[in-house]
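Chemist: predicted model follows, preceded by the sequence.
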Amino acid sequence: QVQLVESGGGLVQAGGSLRLSCAASGRTFVNPAMGWFRQAPGKEREFVAAIEWSGGETYYEDSVKGRFTISRDNAKKTVYLQMHSLKPEDTGVYYCAIRRDAVVLTPAYDYWGQGTQVTVSS
């Protein structure tokens, strides 16, 4: 089992910044992928960003490119999502997820965190 615990969500005005953290514990994988997804009310969960744990290659959804940055700290087993220039449409519950295989841009991940709310006011 893997446990993922997100933190860092909150309420911010449009144009502001937030940094989300996701701490992993439990079993380890050789070269997992870790991703961030978000879900707005009444909408499906959507891909935001992902990172290959070993090589560090990153992937982003088009609407967040240039505004969001995903990174990881191997020693702390933590992945981060730094979000700048936030927009009201970024509002949603943000979930961290881990996948034992290569990065995919769909919700086909093996373990999920409980989610953290991000609300961007206009």
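Modeler: Received the coordinates, thanks.

Chemist: quick one: pLDDT of Tyr94?
Modeler: pLDDT, the model's per-residue confidence, is 98 for Tyr94.

Chemist: beta partners of Thr78?
Modeler: Residues in a beta bridge with Thr78, per DSSP bridges, are Ala23, Asp73.

Chemist: please report how far it lies from Ser122.
Modeler: Between Thr78 and Ser122 the computed distance is 31 Å (CB to CB, to the nearest Å). No exception for glycine: its C-beta is placed from N, CA and C like everyone else's.

Chemist: touching, Ala40 and Thr91? I think so.
Modeler: Yes: look at Ala40 against Thr91 with CB atoms under 8 Å: they come within range, at 6.2 Å.

Chemist: between these two, tell me which one has more neighbours.
Modeler: Neighbour tally, Ala40 and Thr91, criterion other CB atoms under 10 Å: the higher count belongs to Thr91, 19 against 14.

Chemist: skipping adjacent residues, who's closest to Leu18 in space?
Modeler: If you skip the residues right next to it in sequence, Leu18 has Met83 as its closest partner in space, 5.0 Å away by CB to CB, 6 or more residues apart in numbering.

Chemist: ok, the residue positioned nearest the centre of the chain - contacts?
Modeler: Ranked by distance to the mean C-alpha position of the chain (CA atoms, centre = their mean), the top residue is Trp36 at 2.3 Å. Counting by CB atoms under 8 Å, 6 or more residues apart in numbering, Trp36 makes contact with 20, 22, 48-50, 70, 79, 81, 94-97.

Chemist: may I have the phi/psi pair for it?
Modeler: phi -120, psi 130 (degrees, to the nearest 10).

Chemist: once you drop chain neighbours, what's closest to it?
Modeler: Among residues not flanking Trp36 along the chain, Val48 sits closest, at 4.4 Å (CB to CB, 6+ apart).
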